[in-house]
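Colleague: The following block contains a protein sequence and its predicted model.
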Amino acid sequence: MTTPYSCRALYVHVPFCRTLCGYCDFYSEVLRTEAVGPLVDALLRELDGYAARRTLAFDTIYVGGGTPTVLPPGQLGRLLGGVRAYADAGEQLEFTVEANPATVTDEVAGVLAGAGVNRVSLGAQSFEPAELRVLERRHRPEQVGETVAICQRFGIQRISLDLIFGIPGQTLASWRRSLEAALALRPEHVSTYGLTYEAETPLRRQRDAGVVTPVDPDLEADMYELALDMMPAAGLAHYEVSNFARAGAECRHNLRYWHNEPYVGLGPAAAGFVDEVRYKNVADTAAYVQAIAAGRSPWGEHEQLPPERRARETAMLELRLASGIDRGRFTERYGVDPTRLFAEAVERHGAAGLLSVDADGIRLTRAGFLVADTVIADFL
Amino acid sequence: MDQNLIRNFSIIAHIDHGKSTLADRLLQISGAVAERDLKEQILDDMDLERERGITIKASAVTLDMVVDGQTYMFNLIDTPGHVDFHYEVDRALAACDGALLVVDATQGVQAQTVANAFAAANNNLEIIPVINKIDLPGATPEDAALEVEHVLGISADNVQFVSAKTGLGVADLIQAIAKCLPPPKGDPAAPLQALIFDSEYNDYRGVICYLRVMNGTIRKGQKVLLMGRQRTHLVTELGKFRPQMAPCPQLAAGETGYLVASIKSLHDVTVGDTVTDAANPATQPLPGYQPPQHMVFCDFYPSSGETYDALREALERLSLNDASFSFIPQHSDALGPGFRCGFLGLLHMDIVQERLERECGVSVVQTAPSVTYEVVLHDGTTKRVESAGDLPDMGTIAELREPIVEVQIITPADAIGSIMQLAEQRRGEFKKQEYLSATRVMLTYEFPFNEILYDFYDKLKSVTRGYGTMDYHVTGYRAGDLVKLDILVNAIPVDALSLICHRSKAEARGRRFLIKLRRQIDRHQFEIALQAAIGSKVIARETIKPFRKNVTAKCYGGDVTRKRKLLEKQKEGKKRMKTIGRVDIPQKAFMTVLEPED
């Protein structure tokens, strides 16, 4: 009953890693090979369920985790092939898989390329061995370049690198070295994330116990600004709070999130937005597999926002983008010009130089990006 | 009942010396409580009491005890052990003829042993020293007995050595109670005079008065007069605690029990009042008590999610069974409407706050406690002030007086130096030093009450490796070079944070306080100046730098709901703060003054 447009994006969550990192709070568990087969079955069956009730024609597919590339190559191929079957044949597909350096062997790269994957997002995080240790990442810095080379050798040209700043012990100089090392690999896309001490992570407990000391917030601001300066200078424009890309190389899949558009989410703990309903699957692989096998919904929670809150949510998301809130499109979607709906916040933060407003849109300024949460909270 | 077979007595002791265990042992031996019902420490019937190991409200229990073939009536009147509750100890002792002074054989005489022994002596009670815990490996019963004789001047001839826990020596103690403590005096045929020594509130029966009949006889159905209040009541029930309430038709001179007379509120009864016959009143009331003095004040404000009305109802409900704290409406510029509450001491304050939360389910924001100051104005009038925020304009004040306490400290002799140092920091004035034994000393000091209010006891415990004990009582007021220290946030004075302190300490105090406050307030988009000032003179300043970055540079994948909720939570948290000027101050900051001084 839905137009094909409603489900153009697919996210698949693979909840397995070789080892778990202390800072990460995405749902994942240590890989158990015997659990992979049933999981892949369940993922594909969940997808069939969505397909049974609407036309699916994905033009962006994003397989994340976890670390999808730790799956046994056979199962990885079965999963990727299975989801690829629902891609829109007429469109240019963006098919991304997340990977960690040193998990992409020739065999794995062959499977990725064979399934049509054309973009790999690599969790480089840092090029400093000491910082990688703090993050409990198991790879060596040089393995990032090696992995990039393997992907490219198999024809996967679109490479994105994730970097983390604000790591305990990190300095502005070491951050600069990581940024430079990343740029030297000539990725088309870089994400720079500020380390967050998420509740109930080992890293948070270490901080609370005084074992690790967070970097000074002013230094963190300097680090963020350094990325804002260096990336565009290297040809990667700042297009979202944490994201930089060459022209035309923005992550189309993530843009769907930021424009508050629908997408199907598959797998344990995956979030989705289908038929105006936001849902999140249970964060438990066994429970998820069981629910799917029994024909039950794997949703753990879901919500449907009333129109005004949905409009506010769109503003929250689009303000993260350099393009900001598109006034024409927003008015079309919600029947109200955002400068009217958010008159007070626009006025206040505009006067403070944190927002710029023109006929097309409402955007954060550079100063605004640094305090984006403060500004955006006033749009909710 | 033959008056000669009645013994009214209290057990008095330093905290944890075994008072409640001994009471339980006596109850058990008398058969008032079956072995299987013997919960530890029966007389402590509030959960809080049992948890904290302290007795908050006095209890009274009547025991039938057979000694040498004769059945005696023992009326055991329990007393609170903590220094805050001296006034309750005093009223309980007035209902007694004798006292058991319990001393831990491993610890000897402690500060509250001394205070309690003096209180008993002031009430002309016969005292039996009881050295307890003689079964413990570290016990030195003879030394403890010598200390009692030496420090308190109570003859060691009478000393009883017991282990309340095992029952060892308790039979001899019971003999001694019967033989050495005096029976009550008083004429059962004289006009009725009965002392109300405690009261409690019961949801079904209203107020229950604890009574000691001094002269005459009180009967069920009698119309009685409360001489202080000049109000008459009809006695609907009389009885004794065994330990459950056991009604009886009358109570005669020398007996102890309870009275129920359809009294609706604890505030209609003054503890210490005299009950007499309405038709044939006694000519004189019994010497009454001083009403309890509130020594410590603080404000309670409804915390987020609570309303003023809910807090008021909770305080009213609590005051039904604790008449010893007061509350009056109060308004703070920073915290809005709330209540100014008066307490007997800091522990009492903690207990009331905890009961509000536990029994009434109301959480409060509590301001730092303050003592009561006396202000003499230039026009000659004197007024009392319970918080720095209430001080009149400093220009109108001729003199500011602070309460002074006399403090007794008992300590191992090797800690004297450290204590003297501590006392000096707290403006203590040395009075005297007495050796209890070769290794233990009793020091007497005078302190401004304010100086020992926060953490003095903790500090004392720390410099004496846990062995030091203290007791204090207020002796009066004295003029001091006191100043009002204002705290300003971005130039706006915050009444709930101001405090009174000695001029010599104002600067250091202000500086330390601002450092602590700085840690409580998050960075804002603009710079925040914190200042401490005396009058218009700023004596300390701290700056909170503006934040440069507040952005969640993190990938939440497609979990938009989570992202939104995080921002909403951040916004919600802001609502719960008190905004002064444009500065959001978390409620916790108002408690910062309470934190121990480093």
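Modeller: Looks like it came in fine.
Colleague: can we go C-alpha only for contacts and neighbour counts from here?
Modeller: Fine.
Colleague: ok now do residue A:189, which residues does it touch?
Modeller: Residue A:189 makes contacts with A:158-161, A:236, A:243-246, A:249-251, as judged by Cα atoms under 8 Å, 6 or more residues apart in numbering or on different chains.
Colleague: same deal with residue B:97?
Modeller: Contacts were defined as Cα under 8 Å, 6+ apart; by that measure residue B:97 touches B:7-9, B:124-126, B:181-184.
Colleague: For the residue of chain B found nearest chain A, which non-adjacent residue is closest in space?
Modeller: Closest contact between chain B and chain A, by Cα to the nearest Cα, is at residue B:550 (4.2 Å). Residue nearest to residue B:550 in three dimensions, not counting chain neighbours: residue A:371, with 4.2 Å by Cα to Cα, 6 or more residues apart in numbering or on different chains.
Colleague: ok, the one you found touching residue B:548?
Modeller: Yes. With contact defined as Cα atoms under 8 Å, residue A:371 and residue B:548 form a contacting pair (7.0 Å).
Colleague: circling back to that earlier point, tabulate the contacts of residue B:97 (a markdown table), appending secondary structure.
Modeller: Output for the contacts of residue B:97, formatted as a markdown table (DSSP: H, G, I helix; E, B strand; the rest coil):
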| residue | secondary structure |
| --- | --- |
| B:7 | strand |
| B:8 | strand |
| B:9 | strand |
| B:124 | coil |
| B:125 | coil |
| B:126 | strand |
| B:181 | coil |
| B:182 | coil |
| B:183 | coil |
| B:184 | coil |
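Colleague: Now compare those residues and name the two farthest from each other.
Modeller: By the measure Cα to Cα, B:7 and B:124 form the most distant pair in the contacts of residue B:97, at 14.7 Å.
Colleague: the more surrounded of those two?
Modeller: For residue B:7 versus residue B:124, the count of surrounding residues by other Cα atoms under 10 Å in any protein chain shown is larger for residue B:7: 29 against 15.
Colleague: Bridge partners for the more buried one, pull those for me.
Modeller: On the basis of DSSP bridges, residue B:7 takes part in beta bridges with residue B:74.
Colleague: In this structure it contacts residue B:73, no?
Modeller: Yes. With contact defined as Cα under 8 Å, residue B:7 reaches residue B:73; the gap is 6.3 Å.
Colleague: quick one: contacts for the residue in chain A that chain B sits nearest to?
Modeller: Using Cα to the nearest Cα, the point where chain A gets nearest to chain B is residue A:371, with a distance of 4.2 Å. Neighbour list for residue A:371: B:548-551 [criterion: Cα under 8 Å, 6+ apart].
Colleague: By neighbour count, which of these wins?
Modeller: Greatest neighbour count in the contacts of residue A:371, by other Cα under 10 Å, goes to residue B:549: 23 neighbours.
Colleague: Spell out which residues of chain B are next to chain A.
Modeller: Proximity of chain B to chain A (Cα under 8 Å from any Cα of the partner chain) is limited to residues B:547-555, B:557-561, B:564, B:567-568, B:570-571.
Colleague: again, only using 6 Å
Modeller: Within chain B, the residues that sit near chain A (Cα under 6 Å from any Cα of the partner chain) are B:549-551, B:553-554, B:558-559, B:567.
Colleague: which SS state does residue B:314 fall under?
Modeller: Three states are possible here, and by three-state DSSP the one that applies to residue B:314 is helix.
Colleague: for residue B:538, that is, sorry about that
Modeller: When the structure is split into helix, strand and coil by three-state DSSP, residue B:538 lands in strand.
Colleague: For burial, what's the neighbour tally of it?
Modeller: Under the neighbour criterion other Cα under 10 Å, residue B:538 is assigned a count of 16.
Colleague: Spit out the contact partners of it.
Modeller: Residue B:538 is in contact with residue B:532, counting by Cα atoms under 6 Å, 6 or more residues apart in numbering or on different chains.
Colleague: Tell me which stretches of the stretch 201-350 of chain A form helices.
Modeller: Secondary structure of the stretch 201-350 of chain A (DSSP state H, counting those that start in this stretch): helices at A:202-208, A:217-233, A:252-258, A:285-293, A:307-318, A:327-334, A:338-341, A:343-351.
Colleague: same thing with the stretch 151-300 of chain B?
Modeller: Secondary structure of the stretch 151-300 of chain B (DSSP H, counting those that start in this stretch): helices located at B:170-180.
Colleague: Do I have it right that residue B:261 meets residue B:238?
Modeller: No. Counting by Cα atoms under 6 Å, no contact exists between residue B:261 and residue B:238, whose distance comes to 8.9 Å.
Colleague: sorry, back to before: can you tell me which of the contacts of residue B:97 are classed as buried?
Modeller: Among the contacts of residue B:97, those classed as buried by 16 or more other Cα atoms under 10 Å in any protein chain shown are B:7-9, B:125-126, B:181-184.
Colleague: low-confidence ranges in the chain?
Modeller: All of this refers to chain A. Per-residue confidence for chain A (pLDDT under 70) gives these ranges: A:1-6.
Colleague: meant chain B, my bad for not saying
Modeller: In the predicted model of chain B, residues B:33-58, B:80-84, B:87, B:288-292, B:304-305, B:321, B:555, B:575-576, B:591-598 satisfy pLDDT under 70.
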